[in-house]
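Student: here's my sequence, what's the structure:
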Amino acid sequence: MPVASAASLLATWDSTQTSMFSPQATPAHLILGLSRLMLAVTGGIFIVVAGLLTYVCVRYRHRKSGPNAIQEPQQIYGSTQIELSWTVIPILIVVMLFLATARIIFATQDAPKPANALDVTVIGHQFWWEYRYPKLGIITANELHIPVSDPKHPTPTYLTITSADTDHSFWVPRLAGKVDAIPNRINSMWIDPQQAGLYLGQCNQYCGTQHALMLLRVYADTPEQFTAWVKHEQQPAVADPSAAEGRQIFQHNACISCHSVGGSAATGRFGPDLTHFASRSTLASGSVPLTSANVRAFVNNPGYFKPGVLMPPMHLNPHDLDAVTAYLMTLK
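Tutor: Numbering: from 1, shown residues only. This is a model prediction of the structure:
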């Protein structure tokens, strides 16, 4: 591959939303620095070994004629210096890499938690994410909102991660390394994005048929945007009066057994909280844009978008399906 093409490919890779080579948070910067050190060390080892191997292959290749045609190279049956070299040098390299890795682990895991840090509980489900803000009284799904952290006045977000069913893994490459979500176990991590925007990731532990579509969307908001979002999320859902019929159908079907809508009779916890469902950008854990047509199709047959999803088809008639869709699209 030409050098220009390789450089172009690397630049494109670095600019993608899921590239660890364009970090935007302190843990991701530390991981990138460690990965560069690992690449430099292993690359150096490769160059040395490949160079020696090439030299030996060329210098001592079999020759059919000439003074060295039949002669065999001098045989060395024991060399203390060589044996010490190929034993001590690798040990020193491994120890150096171990210490560098341990330093990064302690820097991320034992970092002091500021008093103004945001706490979020992350719960992995098949196949979606639940987010709880215990100090703010907010429960939402699939789209995580956190404030941007000013390096001069850090406001990191601390995530407490667990699972409601099987093993999952929370991974947003530009913000931090992956942390597993395991049933009956609490893991934790922290992130401090320093630039507002959307950061993408996904479950990085195979968890079933829809593992590939268990996506992550992390919105790093400015302080003003985050304050406005919190105020909005703390309000109960206010449905448009024109969608009253859809609300009645929603509450008289199995929907309320799995979903919650703040300020209504729906208090289910098995599925995502739908209190401000229509204010989100996506549905189906970030895999489908949130539009009326997609919501209608998903309610009618969730397997159309996510084969193997645990939500069953609702089998509503067209009129009721339209009414429920209209109701859900008013939950802003």
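Student: secondary structure class for the residue nearest to residue 101 when sequence neighbours are not counted?
Tutor: Nearest non-adjacent residue to residue 101, counting by CB to CB, 6 or more residues apart in numbering: residue 34, 6.4 Å away. For the C-beta atoms, the positions are set from N, CA and C on the backbone; glycine is no exception. Three-state assignment for residue 34 (DSSP: H, G, I helix; E, B strand; the rest coil): helix.
Student: which ones are touching residue 34?
Tutor: For residue 34, the residues meeting the contact criterion (CB atoms under 8 Å, 6 or more residues apart in numbering) are 100, 101, 104.
Student: what about stretch 160-169, start to end distance?
Tutor: 12 Å (CA to CA, to the nearest Å).
Student: what of stretch 261-269?
Tutor: 10 Å.
Student: again with stretch 120-131
Tutor: 7 Å.
Student: what lies in contact with that stretch?
Tutor: With CB under 8 Å, 6+ apart, stretch 120-131 has contacts from 132-134, 138-142, 144, 146, 157-166, 168, 170, 181, 203, 207-208, 210-211, 213-214, 216, 271-273, 284-285, 306, 308-310.
Student: also stretch 265-280?
Tutor: Under CB under 8 Å, 6+ apart, the answer for stretch 265-280 is 128, 130, 139-143, 232-233, 236-237, 250-251, 255-263, 283, 290, 311, 328-332.
Student: what comes up buried for that stretch?
Tutor: 266, 268, 271, 272, 273, 274, 275, 276, 277, 278, 280 (16 or more other CB atoms under 10 Å).
Student: closest to residue 44 out of those residues?
Tutor: residue 280 (47.9 Å; CB to CB).
Student: so which of the contacts of stretch 120-131 are in strands?
Tutor: Among those, the residues falling in strands (DSSP state E) are 132-133, 138-141, 144, 146, 157-163, 168, 170, 181, 216.
Student: can I have the buried ones of the residues you listed as a ChimeraX selection?
Tutor: To isolate the buried ones among the ones in strands among the contacts of stretch 120-131 in ChimeraX, judged by 16+ other CB under 10 Å, type:
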select :132,133,138,139,140,141,144,146,157,158,159,161,162,163,168,170,181,216
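Student: which residues touch residue 24?
Tutor: 174, 175, 193, 194, 195, 197, 199, 220.
Student: what segments of the chain are strands?
Tutor: 118-125, 128-133, 138-141, 143-147, 157-163, 168-170, 179-181, 187-191, 197-202, 215-221, 282-283, 288-289.
Student: check contacts around residue 35.
Tutor: Counting by CB under 8 Å, 6+ apart, residue 35 has contacts residue 20.
Student: kindly report the same for residue 282.
Tutor: 142, 143, 217, 288, 289, 290.
Student: swap the cut-off to 10 Å and go again
Tutor: Contacts for residue 282 (CB atoms under 10 Å, 6 or more residues apart in numbering) come out as 142, 143, 215, 217, 288, 289, 290, 291, 294.
Student: who's residue 157 bridged to?
Tutor: The partner list for residue 157 in beta bridges (DSSP bridges) reads residue 118, residue 191.
Student: how close does it sit to residue 114?
Tutor: 11 Å (CB to CB, to the nearest Å).
Student: got any residues that touch both of those two?
Tutor: Common neighbours of residue 157 and residue 114 (CB under 10 Å, 6+ apart) are 149, 190, 192.
Student: what subset of these is buried?
Tutor: 149, 190, 192.
Student: these two touch, right, residue 296 and residue 327?
Tutor: No: the pair residue 296 and residue 327 fails to qualify as a contact (CB atoms under 10 Å) at a distance of 11.5 Å.
Student: could you pull out the helices in the chain for me?
Tutor: In the chain, the helices defined using DSSP state H lie at 3-15, 26-59, 80-109, 223-233, 244-251, 255-258, 292-300, 318-328.
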